[in-house]
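K.L.:
just to be clear, the model below is a prediction. Sequence and coordinates:
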There are 2 protein chains.
Amino acid sequence: MTKNEIQEQRMRGYFIDATRTILKGEGLKAISVRNIAREAGYSYATLYNYFKDVKDLVFECVCDFQEECSEYVSKMTSEEAPGIRKIRAISIAYMKYFVEYPGIFELFFIEKPTDLATRQPTVARINTFLDRLCEEDWELVIQRGLLSEDKRQELARQLKYLTTGMLVFYLHRREDIEYKEFFNNAQRQFSALFAETI
Amino acid sequence: MTKNEIQEQRMRGYFIDATRTILKGEGLKAISVRNIAREAGYSYATLYNYFKDVKDLVFECVCDFQEECSEYVSKMTSEEAPGIRKIRAISIAYMKYFVEYPGIFELFFIEKPTDLATRQPTVARINTFLDRLCEEDWELVIQRGLLSEDKRQELARQLKYLTTGMLVFYLHRREDIEYKEFFNNAQRQFSALFAETI
DNA sequence: TTAAAATATTAACAATGTTAATTATATTTG
DNA sequence: CAAATATAATTAACATTGTTAATATTTTAA
């Protein structure tokens, strides 16, 4: 990396950090070019020297958030025994992360990139994220002969749609329930989902 | 209803119709006060004599869309035999409606009302919508003794979250699949969901 | 037919994303 | 080291957004 590239990456980092701060705090609706620039300590037009547009910048945060969420999930599920029970714990922790940071949920699942083609890698990462979090444990369950490869794919998909669906209803307040009830319900959903898999 | 009330309802209707047209056509992102007013044939400020704000107007369309969707579903599932198979057909038709009108999906599940408290009835209607579409057939399945009341609630919830989750991923292009593959996948999800219920 | 009330429209404001013009800073060259 | 050039940051500007205040118009009442 040349000296210029280092400086450029540093500048991008300032804007990305600012964007992350706002997304985690006031959320996606509070994101604006001027807001980000103020948080980063630069003028709003400077942003356009380093990013195509504000959506481009916002989607740049996805990888960092995924890493953060991974750690969050790891810490919350470390003492859970590997296997199906761990997959459940991971899914709950994953949902708790988004409940804690609704702005990140909006970014991951609601916001549309300006140009889908160039953002395809990012979008693909989002799509496979929960699967990757559970990867180890899915493998384990298959090794133990509790699940076929096909059944694993099917369950993983259901898990993906279920978690996202529940989060949509809860975060967008389509059902009138509290935090505790929400996660009780999530546990019940998972029980039903994994019922056959003992 | 007094003469004034009739006129007021008529005016509200003009704006609601205009909003529905835009939502069904260019979608929620194309909704703007000036757009709606142009479509309705009035000035943009006139809107505020009949609605608190633009979100208030937009959420006024929910009931009409639900009726429209109900008819859409009825027509698409009329020759299906009542019971679980019909519930599956209804769910597929329901999803097809939103795939045809993504703007209506955004309104139903993504958009947040300005004041949740006053919009609680509307939001509750959205939450229970799919359930109401399937009501008859759920009852039938229970009457036939194929399902307990508890199991019905559980399945209905899973169905609700699954459909919404799938639609989020598809409409927001988080997974790179086409129309046909999407509904094939949906069918597979439903097969798994209803597997125990033969 | 005129006075009053109701209703619609234009003007205005603050905030948004983005681009062009301009200023300030670094870098290169004589 | 100083002057010329290239780079990068800032302010100005524009179009669009939702909403409110100030006007103009139409309808109703006297």
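P.N.:
Great, that's in hand. Small disclaimer: the values here were computed from a predicted structure and weren't measured.

K.L.:
shaky segments in chain A?
P.N.:
Where chain A drops to pLDDT under 70, the residues are A:1-3, A:198.

K.L.:
write out the residues of it neighbouring DNA strand D.
P.N.:
Within chain A, the residues that sit near DNA strand D (Cβ under 7 Å from any atom of the strand) are A:Asn4, A:Gln7, A:Glu8, A:Met11, A:Tyr42, A:Ser43, A:Tyr44, A:Ala45, A:Thr46, A:Asn49. Every C-beta, even on glycine, is put in place using the N, C-alpha and C of the backbone.

K.L.:
what's the local residue count around A:Glu79?
P.N.:
Here the number of neighbours of A:Glu79 (other Cβ atoms under 10 Å in any protein chain shown) works out to 7.

K.L.:
does it count as helix, strand or coil?
P.N.:
coil (DSSP: H, G, I helix; E, B strand; the rest coil).

K.L.:
A:Tyr42 now?
P.N.:
Secondary structure of A:Tyr42, reduced to three states by three-state DSSP: coil.

K.L.:
surely it touches A:Tyr14?
P.N.:
Yes: with contact defined as Cβ atoms under 8 Å, A:Tyr42 reaches A:Tyr14; the gap is 7.2 Å.

K.L.:
buried members of the residues of chain A next to DNA strand D into ChimeraX, please.
P.N.:
To isolate the buried ones among the residues of chain A next to DNA strand D in ChimeraX, judged by 16 or more other Cβ atoms under 10 Å in any protein chain shown, type:
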select /A:11,42
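
K.L.:
please flag which of the residues of chain A next to DNA strand D sit within helices.
P.N.:
Among the residues of chain A next to DNA strand D, the residues falling in helices (DSSP state H) are A:Asn4, A:Gln7, A:Glu8, A:Met11.

K.L.:
what's the most distant pair in the residues of chain A next to DNA strand D?
P.N.:
Within the residues of chain A next to DNA strand D, A:Asn4 and A:Tyr44 form the most distant pair, 22.9 Å apart (Cβ to Cβ).

K.L.:
helices of chain A, start to end?
P.N.:
A:3-24, A:33-40, A:54-60, A:62-77, A:84-100, A:102-105, A:120-143, A:149-171, A:179-193.

K.L.:
before we move on, back to that, contacts with DNA strand C among the residues of chain A next to DNA strand D, please.
P.N.:
Residues shared between these and the neighbourhood of DNA strand C are A:Tyr44, A:Ala45 [Cβ under 7 Å from any atom of the strand].

K.L.:
need the residues of chain A next to DNA strand D in CSV with distance to A:Thr118, can you?
P.N.:
Converted to CSV, the residues of chain A next to DNA strand D look like this (distance: Cβ to Cβ, whole Å):
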residue, distance to A:Thr118
A:Asn4, 23
A:Gln7, 24
A:Glu8, 18
A:Met11, 20
A:Tyr42, 24
A:Ser43, 26
A:Tyr44, 23
A:Ala45, 22
A:Thr46, 22
A:Asn49, 18
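
K.L.:
wait, which of the residues of chain A next to DNA strand D is closest to DNA strand C?
P.N.:
Nearest to DNA strand C among the residues of chain A next to DNA strand D: A:Ala45, at 4.0 Å, using Cβ to the nearest atom of the strand.
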